[in-house]
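Asks: Build me a model:
(one chain, ligands or ions: 1)
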Amino acid sequence: MKFFVDTAEIDQIAELNDLGMVDGVTTNPSLILKSGRDILEVTKEICDLVDGPVSAEVVATEADKMIAEGRHLAEVAPNIAVKLPLTWNGLKACKVLTGEGKMVNVTLCFSANQALLAAKAGATFISPFIGRLDDINLDGMDLIADIRQIYDNYGFETEILAASIRSVNHVLDSARIGADVITAPPAVIKKLAEHPLTDKGLEMFLADWAKTGQKIL
Ligand code: E4P
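Replies: Prediction:
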């Protein structure tokens, strides 16, 4: 399973990238706002840092304008994935941009039928939003499982990019179901390393080591 980092904060991407944890990056208008940076500048910096796909989202809502914005964003670097909302116009733009050989991430997916349409429009990635479904008392994981089954039934090559990940359990469940990619905030990725028994065990080992009076270096 690939790990994408869901942020536009360069320092945080760089820290994870140095550890080989970053297979790609996702951004959206809210994350660009949070970064306080210019979209084209920060996206270029991210693309220079990371080898994998970097999603940059259009903000137009009409197909022709989405296509124009998508082409402009794709000029930033060869590893740009143009992010388009899952609307009818977004699907039209997806068909055109993927036809030009550009990577497209269709975002704001909340149903398996939407995901089916995105695959038929040639999307490179489909982004079902787990956390936002959980927020309204629906099960985001059911959606990931449904899309996995449908894509496997028909051999669609669109990659399932589990998004709106809020917890380590979302990561685990996505991996169990077989999502191709998760995108998560840096804090969630770092939290995957944590376990209370690891902390407790280390504390005991260090206490016993101190009693030996020895040094390794
Ligand atoms: C990623 O592509 C999405 O934009 C992001 O995961 C949304 O997450 P949120 O629902 O926590 O804002």
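Asks: can you map out the helices along the protein?
Replies: With DSSP state H as the criterion, the chain has helices at 10-18, 29-35, 39-49, 63-74, 88-99, 112-120, 130-135, 140-154, 168-177, 186-191, 196-212.
Asks: Turn those helices into a markdown table, including mean pLDDT.
Replies: Below are the helices of the chain laid out as a markdown table (pLDDT from 0 to 100):
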| stretch | mean pLDDT |
| --- | --- |
| helix 10-18 | 98 |
| helix 29-35 | 98 |
| helix 39-49 | 98 |
| helix 63-74 | 98 |
| helix 88-99 | 98 |
| helix 112-120 | 98 |
| helix 130-135 | 98 |
| helix 140-154 | 98 |
| helix 168-177 | 98 |
| helix 186-191 | 98 |
| helix 196-212 | 98 |
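Asks: and of those helices, who's closest to I80?
Replies: With CB to CB as the measure, helix 63-74 is the member of these nearest I80 (4.8 Å). The way it works is simple: take the backbone N, C-alpha and C, and place the C-beta from them, glycine included.
Asks: Pick out the residue nearest the middle of the protein.
Replies: T183 (2.6 Å; CA atoms, centre = their mean).
Asks: Enumerate every residue touching it.
Replies: 3-6, 24, 26, 127, 161-163, 165 (CB atoms under 8 Å, 6 or more residues apart in numbering).
Asks: Can you get me a residue count around the nearest residue to it once chain neighbours are set aside?
Replies: Of all residues not flanking T183 in the chain, F4 sits nearest, at 3.8 Å (CB to CB, 6 or more residues apart in numbering). Using other CB atoms under 10 Å, F4 has 28 other residues around it.
Asks: partner residues bridging F4?
Replies: G24, T183 (DSSP bridges).
Asks: Run through the residues of this protein sitting next to the ligand.
Replies: Contact residues (CB under 6 Å from any ligand atom) of the chain with the ligand: 6, 26, 28, 107, 127, 129, 131-132, 163-164, 183.
Asks: Would you mark the buried spots in stretch 149-157?
Replies: 151, 156 (16 or more other CB atoms under 10 Å).
Asks: Can you tell me what sits against that stretch?
Replies: Everything outside stretch 149-157 that qualifies as a contact, by CB under 8 Å, 6+ apart, is 112, 115-116, 119-120, 158, 160.
Asks: can we see that at 7 Å?
Replies: Identification of contacts with stretch 149-157 by CB atoms under 7 Å, 6 or more residues apart in numbering yields 112, 115-116, 119, 158, 160.
Asks: just those residues now: which is nearest the ligand?
Replies: I160 (12.4 Å; CB to the nearest ligand atom).
Asks: number of nearby residues for the closest one?
Replies: Counted with other CB under 10 Å, I160 comes out at 26.
Asks: what does D139 give?
Replies: D139, neighbours per other CB under 10 Å, totals 12.
Asks: Pull the contacting residues for it.
Replies: Contacts of D139 (CB under 7 Å, 6+ apart): L133.
Asks: Quick check: phi and psi on it?
Replies: Main-chain torsions, D139, degrees, to the nearest 10: phi -100, psi 110.
Asks: That one and K190, how far apart?
Replies: 26 Å (CB to CB, to the nearest Å).
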